[in-house]
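>>> I need the structure of the sequence given here:
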Amino acid sequence: MRGTLLNTATVAAGAGLGMALGNTIPGAMKEIILAGLGMVTFGLGLKLFLTSNRVMIVAGAIALGGALGVLLGIAAGFDLVAEQLRARLGGGATFSEGLISATILFCVGPMTLMGCIQDSLEGKIELLAIKSLMDGFVAIFMAATLGSGVLVSALMVLVIQGTLTLAARMLRGFAADTDAVEVATSAGGIMLAMIGMQIVGVKLPTSAHYLPALILAPVFLQIARRLPSVTPKPSA
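You can find the predicted model right below:
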């Protein structure tokens, strides 16, 4: 758990610093910072999407995952939790956006899964240490513009990464399947790209709807592997 504790601390420290600086940054400058951060997030999401060339599997996972997310009320559940936290801890109009965006940004990606598994099984925190540095830096700018929701996302990092660390032995087989990790990462990239577009003001459904795609993408890959391959017969 050392890596997760470090990651939680850096996100909290970065967000705290960002909130302190936020009051000193003019509104117009905040918009510039937020737009730049949004485009970087979009670029990161696009890069993660391109890690896999199994586009149809990812597309199916995103489509069905979004429908499943709506049926399960995942986004509504996130909003309810965010609103309860905002009511108890205080926060502005961007609290929910900051909490949800930061949580997905900090917890979706191969570094999260691989880092937690290495932390648990090998006692190595180097990967999570690098991630911690990156997340803490991003948290400064996100909290400066989106406020206290980013600070609370540190708690979500602790819960999600802590759970992955404790479940590492069960996830070891999945992590060893590079294709499965790639399609899950690619689906996560779509969500990050959506967050980036939302940060710059593009109206889209909340990316939380699509969280089931992270599970469906590897499942669809396993189904595709079991389908009989069709090879053309040689011409006479």
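>>> And the lowest-mean-pLDDT helix or strand in the chain, what's buried?
Lowest on mean pLDDT, DSSP states H and E among the helices and strands of the chain sits helix 168-176, with a mean of 75. By neighbour count on 16 or more other Cβ atoms under 10 Å, the buried set for helix 168-176 is A168, L171, A175. Bear in mind the C-beta positions are built from the backbone N, C-alpha and C, glycine included.
>>> Stretch 73-88 too?
Buried-residue list, stretch 73-88, by 16+ other Cβ under 10 Å: I74, A75, F78, D79, A82, L85, R86.
>>> Over to stretch 108-126?
By neighbour count on 16+ other Cβ under 10 Å, the buried set for stretch 108-126 is 108-120, 125.
>>> Might you quantify the distance of it from its chain's geometric centre?
Centroid separation for stretch 108-126 versus its chain: 15 Å, with Cα atoms, centre = their mean, to the nearest Å.
>>> circling back: D179: which of the buried residues of stretch 73-88 is nearest?
I74 (25.8 Å; Cβ to Cβ).
>>> Pull out the buried positions in stretch 145-155.
For stretch 145-155, using 16+ other Cβ under 10 Å, the buried residues are T145, L146, G147, S148, G149, V150, L151, V152, S153, A154.
>>> where exactly do the strands run in the chain?
With DSSP state E, there are no strands along the chain.
>>> shaky segments in it?
Scanning the chain with the threshold set as pLDDT under 70 gives 229-236.
>>> okay, now I140: neighbour count?
Counted with other Cβ atoms under 10 Å, residues neighbouring I140 total 20.
>>> How about the contacts made by it?
Going by Cβ atoms under 8 Å, 6 or more residues apart in numbering, I140 touches G14, A15, L17, G18, L21.
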